[in-house]
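**Student:** Predicted coordinates and the sequence they were generated for:
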Amino acid sequence: MDKRISWIITLLLVATFISSPSFAASSAKIIASFSVIEDLVKRVAGDDISITTIVPIGEDVHRWELTPPNVLAVEEADIVFYNGHGLEPWIRHLKAMASDRLTLVALVEMADYPTLTLQQGQYEGSPDPHMWMAPQGAAAYIDVITHTLSARFPERADAFRTRAEEAKDALSLLDQQVIERLEGIPHTNRLITMSEAALSYFAHAYGFEFAAIWGLNSETMGSAHDMASMSERLVDKRPPALFFESTTPDIHMDALARETGLTLAGPLYVDTLSEADGPAYNYPALLHHTTELLHEALGGARAEE
């Protein structure tokens, strides 16, 4: 065979391999803004797609600043899944550097789930971004993730949809487990009080009242006015415990606990998972940890334990 013809055939074979569905999907590069989003994306993508996370575990997603490795990952990415509604203020810088081929997906803004509004702080009246803290809100994220991946990689759509249904079934079971675990907490104790307004969706889903010092961690934390207002509320309500979040200094909640003589419990994980050996190593573990902490601190019934 002519060497030139042989070389052309080789090039055609290589081109066919590169453009094949399996190669396209396995070489795809996906970015998740923080660890909770990464966990939800993995439940749909499986092991087919490489996922890079912008904000490391344990860091505050609201106050993160993009690093050179973050920028490099964005330049090579196909899709960026982020939460939206202002949770990641740094996303504007990412958008500015994004190429036309990069797909950016704001999950909370596209999710088919009722949106709550922030009730305090600088962004009062704005959409509350913490929708994933209700399992059915997380299920709505799964739908958006599945649609996005299926549209970008149609050859893997069936696998994505199968994993998505399994994930949503697991979230439905998780929802029932949370309901059952929390139902023994007396009505008079069902107040969740913390620094950031991060558990509104959770509180709304499970019949709790919710109070926070500020709206989002990206705004001014613990002003004198906000602290005084919360102190007055606690004197009136007297919940069994106050709570602090893993990514926020507990100085403000500790000061309120000391002033009012209330117990301080935590940490609650919201904007990050824990390390692999921690109590919130994935999304279901995060919700279970939240549930157990509330059960213990707010006086859940112990007869079934």
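**Tutor:** Great, that's in hand. Numbering: from 1, shown residues only.
**Student:** show me where the stretch 201-305 of the chain has helices.
**Tutor:** In the stretch 201-305 of the chain, the helices defined using DSSP state H, counting those that start in this stretch lie at 224-237, 251-260, 283-297.
**Student:** who wins for proximity to Ile30 among those helices?
**Tutor:** helix 283-297 (16.8 Å; Cβ to Cβ). Every residue, glycine included, has its C-beta placed from N, CA and C.
**Student:** quick one on the thing from earlier: can I get the helices of the stretch 201-305 of the chain in CSV with mean neighbour count, distance to Ser218 and mean pLDDT?
**Tutor:** Below are the helices of the stretch 201-305 of the chain laid out as CSV (neighbours: other Cβ atoms under 10 Å; distance: least, Cβ to Cβ, whole Å; pLDDT from 0 to 100):
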stretch, mean neighbour count, distance to Ser218, mean pLDDT
helix 224-237, 14, 15, 90
helix 251-260, 17, 16, 95
helix 283-297, 20, 21, 98
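**Student:** so which of the ones you listed gets nearest Leu72?
**Tutor:** Judged by Cβ to Cβ, the one of the helices of the stretch 201-305 of the chain that comes nearest to Leu72 is helix 283-297, at 27.3 Å.
**Student:** That closest one - contacts with which helices or strands?
**Tutor:** Judged by 3 or more Cβ pairs under 8 Å, 6 or more residues apart in numbering; DSSP states H and E, the packing partners of helix 283-297 are helix 35-45, helix 157-182, strand 241-245, strand 263-268.
**Student:** pLDDT-wise, which helix or strand of this structure ranks last?
**Tutor:** Using mean pLDDT, DSSP states H and E, the weakest-scoring helix or strand in the chain turns out to be helix 3-18, at a mean of 35.
**Student:** related to what we said a few turns ago, tell me which of the helices and strands packed on helix 283-297 sits most buried.
**Tutor:** Neighbour counts (mean count of other Cβ atoms under 10 Å) averaged over each of the helices and strands packed on helix 283-297 peak at helix 35-45, with a mean of 25.
**Student:** who touches the helix or strand following that helix?
**Tutor:** Using DSSP states H and E, the next helix or strand after helix 35-45 towards the C-terminus is strand 50-53. Residues outside strand 50-53 that contact it (Cβ atoms under 8 Å, 6 or more residues apart in numbering) are 28-35, 37-38, 41-42, 45, 73, 77.
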